[in-house]
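# Build me a structure from this.
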Amino acid sequence: MARPICISSVWTGHLTGWSILVSSSLWHLQKDVPLIANIDKEGPIYDFCWSPTSREFVVCYGCRFHARPASRANCPEDMPARTQLFDLKAKPAHSFGSGHRNVLLYQPQGRLLLSAGFGNLAGGVDVWDVSTRNKVAEFQ
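Sure, this is the predicted structure:
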């Protein structure tokens, strides 16, 4: 039995010596049929992971930065990143909203999803019940 996979692709370009993100995509491949996930916010894909149930996947993406000396450097309206659940046809199924997040982890049974901001982010941790789409815990 063939299992579906996700592949993240990033293409960067340069503008007046500054490196800028030009394009970021998430490809979902299933049964030799490539589908592209509808990433509706420009910027990098920070993390993505499959549900242990193999019926869906979640992606944390967005937060565009503009190269200096552009007139809109580091636009705050483009932040923070969005966390989105996709079905097996790579269609958006649910948005878990936006936040300073860059890490996604499923509980082994697939019932709970953790979205967190670690590393260079001063984000917190959200725990979601995936079946009801409700936040069950939040830590700062």
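
# Return the helix or strand in this protein with minimum mean pLDDT.
strand 18-30 (a mean of 60; mean pLDDT, DSSP states H and E).

# any idea where the helices of the chain begin and end?
For the chain, applying DSSP state H gives no helices.

# And the strands in the chain, which stretches?
5-15, 18-30, 33-36, 45-50, 56-61, 81-87, 92-99, 103-106, 112-116, 125-129, 134-139 (DSSP state E).

# Just list what the fifth one packs against, helices and strands only.
Pointing back at strand 56-61 there. strand 18-30, strand 45-50, strand 81-87, strand 103-106, strand 112-116 (3 or more Cβ pairs under 8 Å, 6 or more residues apart in numbering; DSSP states H and E). (C-beta placed from N, C-alpha, C; glycine too.)

# what about 7 Å?
The contact analysis (3 or more Cβ pairs under 7 Å, 6 or more residues apart in numbering; DSSP states H and E) places strand 56-61 against strand 45-50, strand 81-87.

# Could you do the fourth one as well?
With contacts taken as 3+ Cβ pairs under 7 Å, 6+ apart, strand 45-50 sits against strand 5-15, strand 18-30, strand 56-61, strand 103-106.

# how about a cut-off of 10 Å?
strand 5-15, strand 18-30, strand 56-61, strand 81-87, strand 103-106, strand 112-116 (3 or more Cβ pairs under 10 Å, 6 or more residues apart in numbering; DSSP states H and E).
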